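Chemist: Pasting the sequence and the predicted model now:
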Amino acid sequence: MPGKTFAVNRGQKFADLFKDRKDVAAVMEGKILHDLGDAAEHNMEITPVLTTSEEGLKILRHSAAHLLANAVTELYPSAIPSSGPPTEEGFYYDIEMQPPSENEVENIEKKMKEIAEKSIPIVKEKHSKAELEKMFLRNRFKLENIRESVEKESTVYRQGPYVDFCRGPHVPDTSYLKNIKLLNVASTNYKGDINRERLVRIYGTAFPDSKSLKQYLAMREEAAKRDHRKLGSEMELFVFNSERAPGLPLYAPNGAIIRNELISFMRKLNDEDDWTEVSTPHLFRDVMWKQSGHYAKYKDDMFLFTLADGDSYALKPMNCPGHIMIYESQPHSYRDLPVRISEFGTVYRYEKSGEVGGLTRPRIFTVDDGHAFVAASSIDREIKKILAVMEKTYKTILGDVQATYDLSLIDRNKPESYLMEYRCRKCGTLNEAKRATATGPLTCRECGSEDMEPDFTLWDSASNQLRIALDENNIRYKEYEGEAAFYGPKIDVHVKDALGRSWQLATIQIDFFMPSSFGLSFMNAEGKKETPIMIHRAVYGSIERFLVMALESYGGKLPLWLSPIQAQIITVSEKHNEYGHELRKILKKHGIRATLDSSFETVSKKIKLSLRYRPAYILVIGDNEVQNRLATARDRSNRQKTFSEKELVEKMLEEIRERRIDQGLCL
RNA sequence: GCCACUGUAGCUCAGCAGGUAGAGCAGCUGAUUCGUAAUCAGCAGGUCGGGGGUUCAAAUCCCUCCAGUGGCUCCA
């Protein structure tokens, strides 16, 4: 049905075309959406927007948000709804009210269903700005919105006693909204501004039919089982100890295996692209961070301490200054460039209490960090290379998991938030880079004038080079203003976790400023000193965060090369233990991680108990295997196949070497 | 940091109209020698997140601190 068009004459009501259909949320004329309740303003061709389509589902959920506000204001007349948009998985509404308890939320949901059952028409009305202001006199959020965004007139939607200021469109009546579920309650501030009113945000979801709602809820439950915190304790990967190490996760042996595999894979990729590896201290004197600019901006988020003799130190929140020290320790010629310095550098950031969580937001994490010092002319070439490694890495480890690329740019209205060169309006002198908020009033170093304007040349050039590199690698990306680092624009790669939350992994950042604040240089072809440009890059980003994405996307069933337990050997009875030990030794000798369960239990029980560790293969050893020196392998899909020792080793090594994602041993 | 919820044995959870803790799994001991998701029996294991209060009596009610979870803010 989608795509089918209907011809409509002027004055005809759209609803008349779809009288008996409950799967049409609105109609679309080209790209313009109309409510079903509207009449055509001219002769036109329209297509129905089905509730099952992406666009239709959005409308349905937007209407469900209204229904939520409707229910809340009926139950709590003093509640003031602010705004309630649809989201990717449902909707929410921000409302000023007492935070509801679980029981109250259940009540609200019940009320919503009651209203849905009544099939109350949702009617659009047009009003002048003055009328709107009068209508929403008691709702200061809507009032503010009307004053800011309405020019002459706009629309409201009325369902029974509830009226909402809204552009729409909406479903024709509340009966479309029977399949809803409130999911959780959170707190937020009006317009996300911490200084504005505190609001309650109620999240929910809506679907066109009960089956898809049930499916969604079941999927959410399944996803929760993939949560890395759950998998991590089942598989004995990490240890969280909230008492003694808040936000400081520990790797248990199985977790350390995965971490080390990731590191050695990246070490190999680094080497292929001529990155050298260094190791730098985990702390520096505070002067280092003052010079780099981190102290001014991130002092409150750093682990700082002062010793008895008055010396102050900070744990490193980034690796770049250490790499800079290594770069500057030697003279450089344009012939050595790019100088590529890498490190699996552990950094420490004091994330605020409410912000820490699991391995995705710890206070300590390790970055597969790298800094390329390049001449301005070779920036784009270097970035293209890095992008290529990123794509290869993500494809190899995460398979077809979707990664999105963002280009984060400066907010031109807030030059004071960034390191920025300023030009004197009086004498025209270009002054060195500063962050205006950190340094107080700006004065020209030549004439002392305070009449300075930001000069965006460096920022614009860096942004363009990133754009070009992305385009030339045929990577689809979105641009975001105001998301840049304080020292330069960047490309970020995001991946979603099991609960649908998006996390930043890889990053490429161009930095014109740190090299100059540290006075870095190289000798160019003309024999003159030139300042290099620094490219900060991390392919995994945080190793722990990347590990989480891999772990959750495979539900713990990691590719063989990453699996902590590659072979779980299970003996049928004690008399097979001797061969079990031998087999383990043989596998170990070839670098295959094998564990033996020689306990005096049934095969079934030993298999059952081993599954929590998600071993890649289970090798069962009984009379037949012992007599003929064989092993019977069972893979994660319960396929079985018997091998000679030699064949088993060869096949497993092949799967490991090729870093295969799918299991092929028992095919 | 803000709002809500949560914190009982290694793990998963029960107990919460207040009467000083209970199960399954794991662990240990013994029996069972067994072919692909739990063989049987016994034993041991907790100052109920910390502190304070109300009470004759607190895991249970109140306050406070800490931590975890969800969301907001932030994320170099």
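Modeler: Nice, thanks for sending it over.

Chemist: how many neighbours does the residue in the stretch 351-500 of chain A positioned nearest to RNA strand B have?
Modeler: Per CB to the nearest atom of the strand, the residue of the stretch 351-500 of chain A with the smallest distance to RNA strand B is A:Gly354, at 2.2 Å. (C-beta placed from N, C-alpha, C; glycine too.) For A:Gly354, the neighbour count with other CB atoms under 10 Å is 6.

Chemist: what do you get for A:Ile607?
Modeler: With other CB under 10 Å as criterion, A:Ile607 counts 17.

Chemist: quick one: contacts for it?
Modeler: A:Ile570, A:Ile618 (CB atoms under 8 Å, 6 or more residues apart in numbering).

Chemist: And for A:Asn624, nearest residue in space, chain neighbours not counted?
Modeler: Of all residues not flanking A:Asn624 in the chain, A:Leu630 sits nearest, at 6.6 Å (CB to CB, 6 or more residues apart in numbering).

Chemist: What does the pLDDT read for that neighbour?
Modeler: For A:Leu630, the pLDDT comes out at 96.

Chemist: Hmm, it is touching A:Glu647, no?
Modeler: No - the criterion here is CB atoms under 8 Å, and A:Leu630 misses it with A:Glu647 at 9.2 Å.

Chemist: In terms of packing, which of those two has more residues around it?
Modeler: Each of A:Leu630 and A:Glu647 has its neighbours counted (other CB under 10 Å); A:Leu630 has more, 20 against 14.

Chemist: Okay, and the beta partners of that one?
Modeler: A:Ser644 (DSSP bridges).

Chemist: Kindly report the residues of the stretch 401-550 of chain A close to RNA strand B.
Modeler: A:Ala485, A:Phe486, A:Leu499, A:Arg501, A:Gln504, A:Thr507, A:Gln509, A:His536 (CB under 7 Å from any atom of the strand).

Chemist: and the gap between the first one and A:Tyr540?
Modeler: In this view, A:Ala485 and A:Tyr540 are 18 Å apart by CB to CB, to the nearest Å.

Chemist: ok, the closest residue to A:Glu234 other than its chain neighbours - how many residues close by?
Modeler: Among residues not flanking A:Glu234 along the chain, A:Arg612 sits closest, at 4.6 Å (CB to CB, 6+ apart). Each residue near A:Arg612 was counted by other CB under 10 Å, and the total is 13.

Chemist: can you tell me which residues contact the residue nearest to A:Val603 when sequence neighbours are not counted?
Modeler: Excluding its sequence neighbours, the residue lying closest to A:Val603 (CB to CB, 6+ apart) is A:Val572, at 5.6 Å. A:Val572 is in contact with A:Val603, A:Val620, A:Ile621, A:Gly622, A:Asp623, counting by CB under 8 Å, 6+ apart.

Chemist: quick one: the second one is in a strand?
Modeler: Yes - counting by DSSP: H, G, I helix; E, B strand; the rest coil, A:Val620 falls inside a strand.

Chemist: and the gap between it and RNA strand B?
Modeler: A:Val620 sits 3 Å away from RNA strand B, taking CB to the nearest atom of the strand, to the nearest Å as the criterion.

Chemist: what's the answer for the last one, then?
Modeler: Here the distance between A:Asp623 and RNA strand B works out to 4 Å (CB to the nearest atom of the strand).

Chemist: check contacts around that residue.
Modeler: Applying CB under 8 Å, 6+ apart, the residues near A:Asp623 are A:Val572, A:His576.

Chemist: which other residues reach stretch A:588-601?
Modeler: A:257, A:563-571, A:574, A:577, A:580-581, A:583-584, A:587, A:606, A:609-610, A:615, A:619, A:649, A:652-653, A:656.

Chemist: So which residue is dead centre in chain A?
Modeler: Geometric centre of chain A, nearest residue: A:Trp503, 1.8 Å, by CA atoms, centre = their mean.

Chemist: would that residue count as being in a helix?
Modeler: No - counting by three-state DSSP, A:Trp503 is not part of a helix but strand.

Chemist: Could you give the bridge partners of it?
Modeler: A:Val495.

Chemist: Could you check the pLDDT of A:His294?
Modeler: At A:His294, pLDDT is 89.

Chemist: My guess is it contacts A:Leu304. True?
Modeler: No - counting by CB under 8 Å, A:His294 stays clear of A:Leu304, with 11.1 Å between them.

Chemist: Contacts only, for A:Met97.
Modeler: A:Val72, A:Tyr76, A:Ser78, A:Ala79, A:Ile80, A:Val200.

Chemist: Now do the domain split for chain A, please.
Modeler: A:6-44, A:54-223, A:262-277+A:318-412+A:456-553, A:423-455, A:560-657 (automatic domain parsing).

Chemist: would a markdown table of those with distance to A:Cys666 be doable?
Modeler: Output for the domains of chain A, formatted as a markdown table (distance: least, CB to CB, whole Å):
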| stretch | distance to A:Cys666 |
| --- | --- |
| domain A:6-44 | 45 |
| domain A:54-223 | 25 |
| domain A:262-277+A:318-412+A:456-553 | 20 |
| domain A:423-455 | 59 |
| domain A:560-657 | 4 |
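
Chemist: now for the ones you listed, which one comes closest to A:Arg244?
Modeler: Counting by CB to CB, A:Arg244 lies closest to domain A:262-277+A:318-412+A:456-553 out of the domains of chain A; the figure is 13.0 Å.

Chemist: mind checking the SS state of the residue of the stretch 101-250 of chain A found nearest RNA strand B?
Modeler: Per CB to the nearest atom of the strand, A:Ser242 is where the stretch 101-250 of chain A lies closest to RNA strand B, at 2.4 Å. Under three-state DSSP, A:Ser242 falls in the coil class.

Chemist: Could you give the number of residues near it?
Modeler: Neighbour tally, A:Ser242, other CB under 10 Å: 9.

Chemist: Now it: phi and psi?
Modeler: phi -70, psi -20 (degrees, to the nearest 10).

Chemist: Got the confidence number for it?
Modeler: 86.

Chemist: re the thing from before, dump the residue contacts of the residue nearest to A:Asn624.
Modeler: A:Asn624, A:Thr642, A:Phe643, A:Ser644, A:Glu645.

Chemist: which among the residues you listed gets closest to RNA strand B?
Modeler: Distances from RNA strand B to the contacts of A:Leu630, taken by CB to the nearest atom of the strand, are shortest for A:Asn624, at 3.9 Å.

Chemist: In this structure A:Met514 contacts A:Ala485, no?
Modeler: No - at 10.4 Å, A:Met514 does not count as touching A:Ala485 under the criterion of CB under 8 Å.

Chemist: Of those two, give the one with the bigger neighbour count.
Modeler: Looking at A:Met514 and A:Ala485 with other CB under 10 Å, you find the greater number of neighbours at A:Met514, namely 23 against 18.

Chemist: The residue of the stretch 351-500 of chain A closest to RNA strand B and A:Asp227, how far apart?
Modeler: 19 Å.

Chemist: again, but for A:Thr174
Modeler: Taking CB to CB, one finds A:Thr174 at 35 Å from A:Asp227.

Chemist: Those two: which is more packed in?
Modeler: A:Thr174 (27 against 16).

Chemist: Contact partners for that one?
Modeler: A:Ser63, A:Leu67, A:Ile115, A:Ala116, A:Lys118, A:Ser119, A:Ile120, A:Ile122, A:Gln159.

Chemist: On the three-state scheme, the nearest residue to A:Glu41 once chain neighbours are set aside is what?
Modeler: With CB to CB, 6+ apart as the criterion, A:Glu41 has its nearest non-adjacent residue at 6.7 Å, and that residue is A:Arg10. When classified by three-state DSSP, A:Arg10 comes out as coil.
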